[in-house]
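> I need the structure of the sequence given here:
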Amino acid sequence: MRSGKSVTAEPLADARAVAPAVKPAEPRVISAFLPRTASNRDDDRRYPKRPLIGVGALIFRRGRILMAQRGKQPLKGAWSLPGGALEIGESLDAAVRREVREETGLEVKPVKVFEIFERIIRDARGAVEYHYVLIDYICRAIGGDLRAGDDVCRVEWVRERDLAELEITQGTLAVIERAFRSRAVAGRSVPPG
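Below you'll find the predicted structure:
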């Protein structure tokens, strides 16, 4: 969902802002510009009539975050948060649980919405090729066995400092960094027990 043309994901409060270009020292980030091919011609997510809703899960354990590597096109090999599209009749809470279970084997409890942002990706002609409203949840793992499943080929617990080694989908790294900062601030505000 996220090669070629660079795109940005902005918080809804500033969705019209343009982010600066990625500096060479930062992790390599992948966008979702895809040429039309026989394999994606029938993708109903491309050139949608309306924005699509997606969910993502920020799952932390011992100072690490769970990352999923895409095993299929588009963006095969890119790393992102576990998650995917909301299905008709499905609640957001149920979608997060289902997507995490399908992609990672873990059962999670969504704790709170961390961030909502939109991703609008235009093709070379300027037409809207993809439009997502993405809702990322902080989740707590409550069971299951970690394993790659569904459309991912690997899942790993990654330290924040090691994220720079991964090819991460556009916009994802910024969300993860904000979540790590948020956790650090929350940890300092808790009185010793």
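> Please report the number of neighbouring residues for the residue nearest to Arg62 when sequence neighbours are not counted.
Once flanking residues are discounted, Arg62 sits nearest to Trp157: 7.6 Å by C-beta to C-beta, 6 or more residues apart in numbering. The way it works is simple: take the backbone N, C-alpha and C, and place the C-beta from them, glycine included. Trp157 has 15 neighbours, counted by other C-beta atoms under 10 Å.
> For Trp157, which residues are in contact?
Taking C-beta atoms under 8 Å, 6 or more residues apart in numbering, we find Trp157 in contact with 61-62, 64-67.
> Which of the helices or strands spans it?
According to DSSP states H and E, Trp157 maps onto strand 152-159.
> What is the subsequent helix or strand relative to that strand?
Next along from strand 152-159, by DSSP H and E: strand 168-169.
> so where do the strands sit in this structure?
10-11, 29-30, 52-61, 64-70, 79-80, 83-85, 106-122, 128-144, 152-159, 168-169 (DSSP state E).
> Highest mean neighbour count out of the ones you listed?
Stretch with highest mean neighbour count among the strands of the chain: strand 79-80 (a mean of 26; mean count of other C-beta atoms under 10 Å).
> Name the nearest residue to the most centrally placed residue in the chain, sequence neighbours excluded.
Most central in the chain under C-alpha atoms, centre = their mean is Leu81, positioned 4.2 Å from the mean C-alpha point. The spatial neighbour of Leu81 that comes closest, neighbours along the chain excluded (C-beta to C-beta, 6+ apart), is Gly56 at 4.0 Å.
> you'd agree the one you found is up against Leu86?
No - if you go by C-beta atoms under 8 Å, Gly56 and Leu86 don't touch, sitting 11.4 Å apart.
> Need the residues touching each of those two.
Between them, Gly56 and Leu86 share no contacting residue, judged by C-beta under 8 Å, 6+ apart.
> before we move on, the earlier item: so which of the strands of the chain gets nearest Ala186?
Closest approach to Ala186 among the strands of the chain is made by strand 128-144 (10.2 Å; C-beta to C-beta).
> Quick check: neighbours of the closest one in the sheet, parallel or antiparallel?
strand 52-61 (parallel), strand 106-122 (antiparallel) (DSSP bridges).
> just the angle between the last one and strand 152-159, please?
What separates the directions of strand 106-122 and strand 152-159 is an angle of 100 degrees, with axes from the mean of the first three to the mean of the last three C-alpha atoms, to 10 degrees.
> what pLDDT, on average, does strand 106-122 get?
Strand 106-122 shows a mean pLDDT of 93.
> do the same with stretch 160-174
In this model, stretch 160-174 has a mean pLDDT of 92.
> just stretch 184-193 next, same as before
Averaging pLDDT along stretch 184-193 yields 60.
> thought Leu81 was touching Leu58?
Yes - the pair Leu81 / Leu58 is scored as a contact, 6.3 Å apart, by C-beta under 8 Å.
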